[in-house]
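>>> What follows is a predicted protein model with its sequence.
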Amino acid sequence: MKPIYISLGCIFLGLGVLGVILPILPTTPFLLLTVFFFAKGSDRLHNWFLQTKLYNLHLKSFKEQRALSRKSKVTILSFATLMLMIGFYFTPSVIGRSIILLVLLVKYWFFFFWIKTIKE
């Protein structure tokens, strides 16, 4: 199972690095997944990633303070909302659309009331 976790960690690390370069792709969620999968797969990779500049710039504040910058929140919410709205548009059933709207509402509630906003 560890090779799968390490592989997933590498994939999400690549997507997170692309997110730094491309403004459309969010960085923070992919890097959070990288930390998770590296922690499950390899202590060595996990410790290495915690020492990188990428981690310190994008995730350290979230881990220490359970807070994100306004820019990070807007980027994450924008991308996730866009993806959910595409799914909403292509979902023919009312039940499917209702589930997507529920997920969207829970996501916004979580971001507004559970994750603090810090100044950049």
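Arrived safely, thanks for sending.
>>> For this structure, give me the ranges with low pLDDT.
Across the chain, residues meeting the criterion (pLDDT under 70) sit at 23, 120.
>>> Quick check: closest non-adjacent residue to the residue nearest to the spatial centre of the chain.
Nearest to the mean C-alpha position of the chain, counting by C-alpha atoms, centre = their mean, stands residue 29 at 1.1 Å. Leaving aside its sequence neighbours, residue 29 sits nearest to residue 76 (C-beta to C-beta, 6 or more residues apart in numbering; 6.0 Å). Any C-beta I mention is one placed from the backbone N, CA and C, and that applies to glycine too.
>>> picking up where we left off before, how near is the residue nearest to the centre of the chain to residue 83?
Distance, residue 29 to residue 83, by C-beta to C-beta, to the nearest Å: 11 Å.
>>> repeat for residue 22
Distance, residue 22 to residue 83, by C-beta to C-beta: 15 Å.
>>> now swap in residue 46 and tell me
Per C-beta to C-beta, residue 46 is found 28 Å from residue 83.
>>> Ok, residue 16 next?
Separation of residue 16 from residue 83 (C-beta to C-beta) stands at 16 Å.
>>> How about residue 68?
According to C-beta to C-beta, residue 68 and residue 83 sit 19 Å apart.
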